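>>> what would the 3D arrangement of this be:
(2 chains)
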Number of protein chains: 2
Amino acid sequence: MKEATLKEIAEKLGISITTVSKALKNYPDVSLKTKDAVISLAKKLNYSPNSFAVNLRTKESKTIGLIIPEIVHHFFSNVINGIVDEAEKNGYLVIILQSNETLALEKKQVELLINKRVDGIIMSLSNESNNDDHIKEIINRKIPFVMFDKIAKLSKCSKVIINDQKAAFNAVQHLIDNGCKKIAHIRGPLNPQNSIDRFIGYKKALEKNNIPFDAKLVYTCEHVTFEEGRAFAEQIIKEHSDIDGIFAITDLVAVGVLSYFNDAGIKIPEQVSVIGFSNWFMSQVITPKLSTVDQPSHAMGVESFNLLLEEMNCHREGIPFTPRTVELDTHVIIRESSIRVNS
Amino acid sequence: MKEATLKEIAEKLGISITTVSKALKNYPDVSLKTKDAVISLAKKLNYSPNSFAVNLRTKESKTIGLIIPEIVHHFFSNVINGIVDEAEKNGYLVIILQSNETLALEKKQVELLINKRVDGIIMSLSNESNNDDHIKEIINRKIPFVMFDKIAKLSKCSKVIINDQKAAFNAVQHLIDNGCKKIAHIRGPLNPQNSIDRFIGYKKALEKNNIPFDAKLVYTCEHVTFEEGRAFAEQIIKEHSDIDGIFAITDLVAVGVLSYFNDAGIKIPEQVSVIGFSNWFMSQVITPKLSTVDQPSHAMGVESFNLLLEEMNCHREGIPFTPRTVELDTHVIIRESSIRVNS
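Below you'll find the predicted structure:
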């Protein structure tokens, strides 16, 4: 804000420039009445007050934007915690937006974040999104940007991922090692990269073990829900009574499978072994305890923020930054739903 | 934005006023290069571009702020979904902030939302907060404001709540009706109103049934976690081997209790009946299925947004608005963890 404007406000209200400045910075020793008068006049003069003096100097907002598909997933809640914790340590506030898995809302949210001048953006894409215009817009505007988990492979930005193919391969290999010969896969929607990669991992594990791939054993979720898990479990056992293993795209779906099998009296793991993905909290407390793949969600949040911070620092200093991809390790967690004596 | 400024930008860049206007509104038929040049110059002239033409006229941002303690709780995820769904229908974007249950972060977030000029704020307080200055600041500034679930009783704003005392009373009465005579309560921290009210409901139910209150049967959570549920279950059974009922502040804690009892071979509900609170998704899939109180989380979100919308509409039209409190109904959900033959 220019001295001239401060002076103008001060003169019009008959107060000192210091008081105007303090009012705009929200100092506690200025009365609310004065603050409101100053802010109201500043608005008329088209000045957007910002209480963080340091930001006025550096033009940083010290806020970052985070867009995620669905907060209700335990995985995303944990990523959020990782990001918020790390951001707080570094003096940043995190604005969270939920795209509800839709491209339309995601686009509006990107536009909002650009307009709100956040210093950087972290995103996990909706199931409908890929390398769309709004993503290109962030990159073209050179806004520091990190994608995690559900990424657009071709976008030129930093990414924090796991190796979904390898992780899924290991999960299915574990079922095979425990004697499973006919393994169904409840996969995610066709668009998201992680859903594609987990499906490829499943196929590769079968191939490696000379088990022929059968497209009829693959069931595709639309919304990746508990209810779909239950419904597919019923369908699978009806269509393939000799099934002995199920690999589900996420724990939520796997818990649906367990829930149906428990109700239907199908023994896990004696008749069918089940493994999920992402080590959701619930997987430890359900009966039988669910085998799964440990997806390091909190670490993914921490890593995403730190990568963004690095780019924001470069951005501020005018140093070139080359986007990079960080791959985090996963491992199979073996619990009751998949341990059994080989038959 | 004044015509004069538009003209100034147009002249300096050698383009038409229409192009400047389109660039600022982010029209797709203006090149990114031009947009960046316009925005950069607009910044220098202290003009904050806003792509929503309608908002320039009405001075509304069409965004609201939502501050919640912890996204990882299933209850809050559901409230968020209710708010985001309803906001979207009405053309509002929702900025979500997570206070991590700390007053310090919550204060910063309120400041951020005020500075970002959101049209309204919805909040559920952190365990450390009450009718503090930042809350008063929102109310004094006449920013449309709704509190839900964890509220400050004395704050003069709209509130969406359940009757925690009555709900807790009914939960404990249900245990008593099923034959429980010695009921422990794992309560929440001392500060939050809902934690206080559930404790009062517990006491009232005992009193009504002529069961003497024993302070030694009350255990206080610090963080309301699964782990605390497990630890208190162990402590309770050690200190009171004849306990026959437990009422836990939330399902997460109750699931911890079930988990410990399952591992320790303590039969639920034969030896101890357990009831939780809030009908978290997990409560349906754990073994035994958990009895609980249905807290209408999604409806709470919808109701909170609609109350805020009403106030925002009044605010825009200059019509006085009187804050009001909406109380949503709850009911006890009886599942396996509390049904038993009276002994």
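>>> quickly find the element holding A:Ile196.
A:Ile196 belongs to helix A:193-208 when assigned by DSSP states H and E.
>>> A:Arg230 now?
Assigned by DSSP H and E, A:Arg230 belongs to helix A:226-239.
>>> please state the backbone phi and psi of A:Phe305?
phi -60, psi -40 (degrees, to the nearest 10).
>>> just checking, what packs against the next helix-or-strand element following the helix holding A:Ile196?
Per DSSP H and E, the first helix or strand lying C-terminal to helix A:193-208 is strand A:218-220. Based on contacts counted as 3 or more C-beta pairs under 8 Å, 6 or more residues apart in numbering or on different chains; DSSP states H and E, the elements that strand A:218-220 packs against are strand A:183-187, helix A:226-239. All C-beta spots, glycine's among them, are computed from the backbone N, C-alpha and C.
>>> compare those and report which one is nearest to chain B.
helix A:226-239 (7.4 Å; C-beta to the nearest C-beta).
>>> do that closest one and chain B meet?
Yes - shown here: helix A:226-239 in contact with chain B (C-beta under 8 Å from any C-beta of the partner chain) through A:Phe226.
>>> now that helix: average pLDDT?
On average, the pLDDT along helix A:226-239 is 97.
>>> same check, this time on stretch A:125-132
For stretch A:125-132, mean pLDDT is 85.
>>> end to end on it, go ahead and measure it.
Criterion C-alpha to C-alpha, to the nearest Å; first-to-last residue distance in stretch A:125-132 is 10 Å.
>>> just name the most buried of the helices and strands packed on strand A:218-220.
strand A:183-187 (a mean of 25; mean count of other C-beta atoms under 10 Å in any protein chain shown).
>>> contacting residues around that strand?
With C-beta atoms under 8 Å, 6 or more residues apart in numbering or on different chains as the test, strand A:183-187 has contacts from A:172, A:175-176, A:195, A:198-199, A:202, A:206, A:211, A:217-221, A:228-229, A:232, A:236, A:240, A:243-249, A:253, A:257.
>>> next: stretch A:226-237.
A:184, A:186, A:219, A:221-222, A:243, A:246, A:248, A:252-257, A:259-261, A:264, A:266, A:272, B:281, B:285.
>>> next, count neighbours for A:Glu270.
11 (other C-beta atoms under 10 Å in any protein chain shown).
>>> SS state for it?
coil (DSSP: H, G, I helix; E, B strand; the rest coil).
>>> how close does it get to chain B?
A:Glu270 sits at a distance of 17 Å from chain B (criterion: C-beta to the nearest C-beta, to the nearest Å).
>>> ok, now A:Val224?
Noted for A:Val224: a distance of 14 Å to chain B, by C-beta to the nearest C-beta.
>>> A:Glu317 versus the nearest residue to A:Asn209 once chain neighbours are set aside, what's the distance?
Sequence neighbours aside, A:Ile176 is the residue nearest to A:Asn209 in space, at 5.1 Å (criterion: C-beta to C-beta, 6 or more residues apart in numbering or on different chains). Separation of A:Ile176 from A:Glu317 (C-beta to C-beta, to the nearest Å): 52 Å.
>>> more neighbours: these two, which one.
Between A:Ile176 and A:Glu317, counting by other C-beta under 10 Å, A:Ile176 is the more crowded of the two (17 against 8).
>>> which positions in the stretch 101-250 of chain A make contact with chain B?
Within reach of chain B by C-beta under 8 Å from any C-beta, the stretch 101-250 of chain A has these residues: A:Leu105, A:Lys108, A:Gln109, A:Glu111, A:Leu112, A:Asn115, A:Lys116, A:Glu137, A:Asn140, A:Arg141, A:Phe226.
>>> list only buried entries from the residues you listed.
When those are checked for burial by 16 or more other C-beta atoms under 10 Å in any protein chain shown, the buried set is A:Leu105, A:Lys108, A:Gln109, A:Glu111, A:Leu112, A:Asn115, A:Lys116, A:Glu137, A:Phe226.
>>> next one: the helix holding A:Arg230 to chain centre, how far?
Remark: helix A:226-239 is offset 27 Å from the chain centroid, using C-alpha atoms, centre = their mean, to the nearest Å.
>>> pretty sure A:Glu101 sits in a strand.
No - going by three-state DSSP, the assignment for A:Glu101 is coil, not a strand.
>>> and the helix holding A:Ile196, what's its mean pLDDT?
On average, the pLDDT along helix A:193-208 is 96.
>>> list the helices and strands it packs on?
Here helix A:193-208 touches helix A:164-177, strand A:183-187, going by 3+ C-beta pairs under 8 Å, 6+ apart.
>>> next, the buried residues of the longest one.
Okay, so that is helix A:164-177. If you call a residue buried by 16+ other C-beta under 10 Å, then helix A:164-177 has these buried ones: A:164-176.
>>> give me the angle between that helix and strand A:183-187.
Note on geometry: by axes from the mean of the first three to the mean of the last three C-alpha atoms, to 10 degrees, helix A:164-177 and strand A:183-187 are set 150 degrees apart in direction.
>>> could I have helix A:164-177 exported to CSV, CA atoms only?
Output in CSV follows, covering the C-alpha atoms of helix A:164-177 (Å, rounded to 0.1, in the frame of the first residue of the first chain):
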residue,chain,number,x,y,z
ASP,A,164,1.1,-48.7,-7.3
GLN,A,165,2.0,-51.4,-9.8
LYS,A,166,4.7,-52.9,-7.5
ALA,A,167,2.5,-52.5,-4.4
ALA,A,168,-0.4,-54.3,-6.1
PHE,A,169,2.0,-57.0,-7.5
ASN,A,170,3.2,-57.7,-4.0
ALA,A,171,-0.3,-57.9,-2.6
VAL,A,172,-1.4,-60.5,-5.1
GLN,A,173,1.9,-62.3,-4.9
HIS,A,174,1.3,-62.7,-1.1
LEU,A,175,-2.2,-64.2,-1.9
ILE,A,176,-0.5,-66.7,-4.3
ASP,A,177,2.2,-67.5,-1.8
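>>> can you name the residues that contact A:Glu106?
A:Ile67, A:Ser99, A:Leu125, A:Ser126, A:Glu128, A:Ser129, A:His134.
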